[in-house]
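> this one's sequence-less:
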Ligand code: C2O
Ligand code: CU
Ligand code: CU
């Protein structure tokens with residue numbers, strides 16, 4: 001039995017009833033103040049430790065859930081702050097009862113340091129690895145990348161944010177006070193059972209289209225509200241959901257001034273009314289709260305129900321739950337209140353950020369075609385063989401191709417049936433076109449993940465090496481698609 005919004009609200013003791021959403025919870029004004037993940041600043045120490053452990057997290061005020069986290073967190077991990085231009089000694093210890101691999105999504109490091117599925121950490125073992133970082137400042141992240149188990153592990157909490165910094169955000173005029181005017185927001189959707197416990201039991205529909213939950217978590221919290229100073233506020237947004245695509249906007253109609261995409265800063269802020277954020281993607285936006293009025297970060301319904309949505313109906317048909325009518329409505333992600341007492345550190349939008357926009361020389365680029373295929377043709381295909389790329393499901397023992405180190409390649413990516421967020425390890429890329437037309441504003445900066453809705457052309461220069469036995473992955477970041485075989489691997493030599 002699924003937990004209803006009403007159950008959850010009453011269980012959590014939150015006041016007031018929000019109208020209009022059958023299942024997706026509306027965060028309540030008067031809820032707890034949102035907590036940031038603890039900040040683990042390794043910029044001067046040059047070293048950090050992550051220890052994965054099992055624990056219990058009470059999301060709902062009812063029964064606790066069995067979850068995984070890092071260090072002192074029972075769900076998710078600390079925000080790692082790392083120097084963007086210096087090596088750091090990473091140590092990852094597994095205190096779980098099963099192996100996991102930990103990938104640095106967005107970090108440009110060689111294949112043997114990348115944390116893909118060929119680098120599992122056994123229980124009670126430590127993976128010590130030097131990360132030789134040298135790339136533009138960016139908000140990136142880390143998450144389990146375990147063969148066939150990524151979707152399950154990320155659901156349980158094996159993920160966290162990384163800030164790559166050069167210490168120059170003051171010069172850029174950017175808010176940079178962690179948790180005050182610089183908020184880290186990990187946005188995820190989950191499902192809960194009748195006792196308030198997180199459940200993840202993907203049915204056929206979830207395996208086909210990706211799992212979507214009906215309760216929104218921000219930094220692992222349900223129904224919390226952010227409190228910000230009266231001025232310019234920076235939101236570092238990570239879509240850490242398995243499959244849900246968000247169309248983020250301000251309820252009050254404020255602009256979201258995009259200042260950074262996956263792999264770093266834009267040259268200048270780009271004002272958006274709606275920001276589409278697919279699984280795996282990050283974006284940094286500035287919002288002007290100088291008028292002091294409170295607001296709500298809202299999302300439109302998941303746009304990614306594709307052709308299969310109609311064909312397969314709702315959960316009621318395939319999953320044995322309730323028809324997911326909430327998909328038809330938008331929902332609240334995070335109420336934001338303005339506290340006028342502290343003086344805002346930044347009170348005007350910077351005109352320029354100074355990031356370098358992508359400008360790859362593609363004249364000698366070689367071309368590659370990538371087709372992302374859902375297993376609709378064979379509903380009976382199971383497990384890691386359900387989905388495929390160019391006709392082949394992911395196989396740990398088969399390299400899909402090899403890229404020449406230092407080469408620039410253009411990939412033409414086509415997605416079947418629905419939009420697929422394609423992610424490539426070990427490279428940042430430029431989006432050249434979308435469906436033969438111009439690139440949408442949110443995809444004009446450097447990217448490592450792009451939502452391919454139809455066809456997209458991207459270009460990247462493959463400078464990081466990867467041997468055939470520790471190759472880079474490229475895959476759909478809908479985690480049920482990734483685990484289901486919509487992934488390939490390549491060496492860079
Ligand atoms: Cu964020 Cu290969 O993953
Ligand atoms: Cu990655
Ligand atoms: Cu996909």
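Yep, it's here. Since this is a predicted model, take the numbers as computed values, not measurements. Ligands and ions are numbered 1, 2, ... in the order given.

> okay, now the domains of this protein?
Domain ranges of the chain: 5-30+173-339, 39-167, 366-492, per automatic domain parsing.

> nearest to ligand 1, of those?
Each of these has some distance to ligand 1 by Cβ to the nearest ligand atom; the shortest is domain 39-167, at 3.4 Å. C-beta: built from backbone N, CA, C; applies to glycine.

> picking that back up, okay, the domains of the chain in JSON lines with distance to ligand 2, mean neighbour count and mean pLDDT next?
Formatted as JSON lines, those follow (distance: least, Cβ to the ion, whole Å; neighbours: other Cβ atoms under 10 Å; pLDDT from 0 to 100):
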{"stretch": "domain 5-30+173-339", "distance to ligand 2": "8", "mean neighbour count": "20", "mean pLDDT": "83"}
{"stretch": "domain 39-167", "distance to ligand 2": "4", "mean neighbour count": "20", "mean pLDDT": "98"}
{"stretch": "domain 366-492", "distance to ligand 2": "4", "mean neighbour count": "20", "mean pLDDT": "95"}
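
> out of those domains, the one nearest residue 360 is which?
Minimum separation from residue 360 across those (Cβ to Cβ) falls at domain 366-492, 4.9 Å.

> CSV for the domains of the chain, including distance to ligand 1?
Shown next, in CSV, are the domains of the chain (distance: least, Cβ to the nearest ligand atom, whole Å):
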stretch, distance to ligand 1
domain 5-30+173-339, 5
domain 39-167, 3
domain 366-492, 5
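
> with distance to ligand 3 as added columns, please give those in a markdown table.
What follows is these, written out as a markdown table (distance: least, Cβ to the ion, whole Å):
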| stretch | distance to ligand 3 |
| --- | --- |
| domain 5-30+173-339 | 7 |
| domain 39-167 | 12 |
| domain 366-492 | 3 |
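
> residue contacts, residue 289?
By Cβ atoms under 8 Å, 6 or more residues apart in numbering, residue 289 lies in contact with 228-233, 254, 295, 336, 338, 344.

> residue 54 too?
Residues in contact with residue 54 (Cβ under 8 Å, 6+ apart) are 66-68, 95-97.

> tell me if it really is in a strand.
Yes: under DSSP: H, G, I helix; E, B strand; the rest coil, residue 54 sits within a strand.

> out of the domains of the chain, nearest to residue 350?
Here domain 5-30+173-339 is closest among the domains of the chain (Cβ to Cβ), at 3.4 Å.

> any idea how far the closest one is from the middle of the chain?
Its chain's C-alpha centre and that of domain 5-30+173-339 lie 12 Å apart, by Cα atoms, centre = their mean, to the nearest Å.

> go on, stretch 127-145?
Computed by Cα atoms, centre = their mean, the chain-centroid distance of stretch 127-145 equals 15 Å.

> my guess is residue 63 meets residue 194, correct?
No: taking contacts as Cβ atoms under 8 Å, residue 63 lies outside contact range of residue 194: 9.4 Å.

> just the helices in this protein please.
Along the chain, the segments classed as helices by DSSP state H run 5-12, 150-156, 204-209, 306-312, 315-318, 479-483.

> any chance you could list residues touching both of residue 63 and residue 194?
Common contact partners of residue 63 and residue 194 (Cβ under 8 Å, 6+ apart): none.

> contacting residues for residue 189?
212-217, 241-242, 244.

> which of those residues sits closest to residue 487?
Of the contacts of residue 189, the one sitting nearest to residue 487 (Cβ to Cβ) turns out to be residue 242, at 14.5 Å.

> how near is the closest one to residue 279?
From residue 242 over to residue 279 the distance is 6 Å, taken as Cβ to Cβ, to the nearest Å.

> just residue 294 next, same as before
Distance of residue 294 to residue 279, given as Cβ to Cβ: 29 Å.

> now the strands: where do they sit in the stretch 1-150 of the chain?
Taking DSSP state E, counting those that start in this stretch to define them, one finds strands in the stretch 1-150 of the chain at 39-41, 47-57, 65-70, 79-83, 87-94, 102-105, 126-132, 138-144.

> can I get those strands in a markdown table with distance to residue 394?
Supplementary listing: these in a markdown table, determined by distance: least, Cβ to Cβ, whole Å:
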| stretch | distance to residue 394 |
| --- | --- |
| strand 39-41 | 32 |
| strand 47-57 | 24 |
| strand 65-70 | 23 |
| strand 79-83 | 28 |
| strand 87-94 | 23 |
| strand 102-105 | 15 |
| strand 126-132 | 22 |
| strand 138-144 | 16 |
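
> who's in contact with residue 258?
Residue 258 is in contact with 266, 269-272, 275, 283-285, 441-442, 445, counting by Cβ under 8 Å, 6+ apart.

> can I get the residues you listed in JSON lines with distance to residue 493?
Output for these, formatted as JSON lines (distance: Cβ to Cβ, whole Å):
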{"residue": "266", "distance to residue 493": "33"}
{"residue": "269", "distance to residue 493": "40"}
{"residue": "270", "distance to residue 493": "37"}
{"residue": "271", "distance to residue 493": "43"}
{"residue": "272", "distance to residue 493": "40"}
{"residue": "275", "distance to residue 493": "38"}
{"residue": "283", "distance to residue 493": "33"}
{"residue": "284", "distance to residue 493": "34"}
{"residue": "285", "distance to residue 493": "39"}
{"residue": "441", "distance to residue 493": "36"}
{"residue": "442", "distance to residue 493": "33"}
{"residue": "445", "distance to residue 493": "29"}
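
> in strands, which of the residues you listed fall?
266, 269-272, 275, 283-285 (DSSP state E).

> which residues are in contact with stretch 347-358?
Contacting residues not belonging to stretch 347-358 are listed as 136, 172-174, 231-232, 257, 259-260, 264-269, 286, 288, 290, 429-431, 444-446 [Cβ under 8 Å, 6+ apart].

> report the longest strand in the chain, please.
Under DSSP E, the chain gives strand 331-343 as its longest strand.
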